[in-house]
Every structure is written in structure tokens, then in C-alpha cells.
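>>> What follows is a predicted structure for the sequence shown.
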Amino acid sequence: MKVFDLTHHLANGMPVYPGTASPSFTTSNTYETDGFKETLIQMSTHTGTHMDPPAHLYAGRTTLDQFPASQFIGKALVIDCRDLGEGAEITLERILSYGQKASDADFLLFNLGWDKRWGTEAYFGDYACLSEDALDYIIAGDYKGIGFDVIGLDPISDFNLTRHKKLFKGRDIVNIENLRDLDLLGDDLFWFSCFPLRLEGADGSPIRAIAWTMD
């Protein structure tokens, strides 16, 4: 078995979505004073490699803790989008080019190669986003979730969060942002898990995104 960690570290000074407070990790207990070490964490539920449920955009909709645990594990497929230029669209044709594998996946993970920009201003650039028909295809499918190695489902300039709203309007599905190292997974189906913290009423949560193959 080969196991791949697709998660960015949580740390002081890490990239966050514009307008989101930076996380804070401070030592609250020390070995010298207390005999043990403990860290106080303060951060948004949408920090780092994280997940959005419908409740992120719509009041009264499904929160992460209301999903069954089975929502967060299944077969995944990486859609390679690294050839796309800035501001391009991820088309339906690109997804369909993977044939039956795209239909058999529980999660579609889009690799733009953007994780290589993590920690730089370029990470907040004009990354490619799903086209209208690609998003329609996902909504009409039976997917548990989609994921990206960028900071948002919508363009960084879309404060209306148009794609988020459309995705969640009538579907119980999750959206994952800030993945990394998707280039390690090839173009075949693999096992994937993305469990969030079990926060009551969660509008989002950091996750530990893990992939594994039986090679």
C-alpha cells in the first residue's frame, strides 16, 4: 500500500482566504512550568486544507456533523488541469475524457499545479475554475465531493461566490480547497478520505486529506 498526505500544514503565518483572520498557535502550557506541553489554537473553520458543506452558504442546510461518516471516504480521481492558463475554464470535455473512471469516482479532485505556489502571492492569482457545464455535470452526478489545489471554488475576485451557491443550492455535497501533491496520484482511481473535525453545527472544517493505492 502507498499512502499520500494531500494536506498543507497548519501554522502561524500560513496563507488564508482574503479577509479571513490568520490562525494563531500559541503555547499555553510548557514542560518547564506545567510538566506537559499544550497549544492554544485560534482559527477559522475554513483554514488550510479544509471542507465546505451546504451550510457554508445556506442557513438551515446540512452541516458537516450532519453528514454520515461515509460521506468522507471513497474512490477518487484526479483531473489533470496543469496545462490550463490563468483565467481558463475547466471544461466538461476534460472530465469526460477520463471515461468511465470519472463516472465511477466518488470524488473528483482537480489538479491545477497551484499548490506549488503555496506561501507566495501568486497563490492568490487567477486560477482556472469549473465551467458552467462542468459544474452542471457534477451537480447532476452522484458525487460525494469535489476538491481543488487552489484557495476557492470561485475565482478569487468573485465575492458573490457564484459557483459555491450553485453547487450547494440543491445538493448535499462537500467542496474541498487547498489540497496539495495531486500530481502524485496518476490518472487511475484511488482510495481517498477527507474527514473533518466533528464540530457541532460545522459550516466548515480543516481536514486531513489522505489518498492510498494498493500498489
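Received, thanks. Nothing here was measured: the structure is a model prediction, and the numbers come from that model. Residues are numbered from 1 along each chain as shown.
>>> these two touch, right, residue 205 and residue 196?
Yes. Under the criterion of Cβ atoms under 8 Å, residue 205 is in contact with residue 196, at a separation of 3.5 Å. Where you see a C-beta, it was placed from the backbone N, CA and C, and this is true even at glycine.
>>> joint contacts of these two?
50-51, 64 (Cβ atoms under 8 Å, 6 or more residues apart in numbering).
>>> Relative to residue 105, which of these is nearest.
Nearest to residue 105 among the shared contacts of residue 205 and residue 196, counting by Cβ to Cβ, is residue 51 at 17.0 Å.
>>> Give the helix, strand or coil label for that closest one.
Using DSSP: H, G, I helix; E, B strand; the rest coil, the structure places residue 51 in strand.
>>> per-residue confidence at it?
Looking at residue 51, its pLDDT stands at 98.
>>> That one touches residue 178, doesn't it?
No. Under the contact definition of Cβ under 8 Å, residue 51 does not touch residue 178, with a separation of 10.1 Å.
>>> all strands of the chain, in order?
Assigned by DSSP state E, the chain shows strands spanning 2-5, 24-29, 38-42, 50-52, 73-80, 89-90, 107-111, 129-130, 145-148, 174-177, 190-196, 205-213.
>>> which stretch among those comes nearest residue 163?
Closest approach to residue 163 among the strands of the chain (Cβ to Cβ): strand 129-130, 6.3 Å.
>>> partners of that closest one in the sheet?
Its sheet considered, strand 129-130 pairs with strand 89-90 (parallel) by DSSP bridges.
>>> What's the mean pLDDT across the partner strand?
Strand 89-90 comes out with an average pLDDT of 98.
>>> ok, so of the shared contacts of residue 205 and residue 196, who is nearest residue 147?
residue 51 (8.5 Å).
>>> For that closest one, grab the count of nearby residues.
By other Cβ atoms under 10 Å, 27 other residues sit near residue 51.
>>> try residue 28
By other Cβ under 10 Å, the residues close to residue 28 number 10.
>>> Not counting its neighbours along the chain, what's nearest it?
Among residues not flanking residue 28 along the chain, residue 40 sits closest, at 4.3 Å (Cβ to Cβ, 6 or more residues apart in numbering).
>>> So the one you found is in contact with residue 25, correct?
Yes. Counting by Cβ under 8 Å, residue 25 is a contact partner of residue 40 at 7.5 Å.
>>> Can you pull up the most central residue in the chain?
Most central residue of the chain, judged by C-alpha distance to the mean C-alpha position with Cα atoms, centre = their mean, is residue 176 at 1.8 Å.
>>> Quick check, pLDDT for the closest residue to it other than its chain neighbours.
In space, residue 176 comes closest to residue 147 once its chain neighbours are excluded; the distance is 3.4 Å by Cβ to Cβ, 6+ apart. You'll see residue 147 listed with a pLDDT of 98.
>>> again, but for residue 215
At residue 215 the predicted local confidence, pLDDT, stands at 78.
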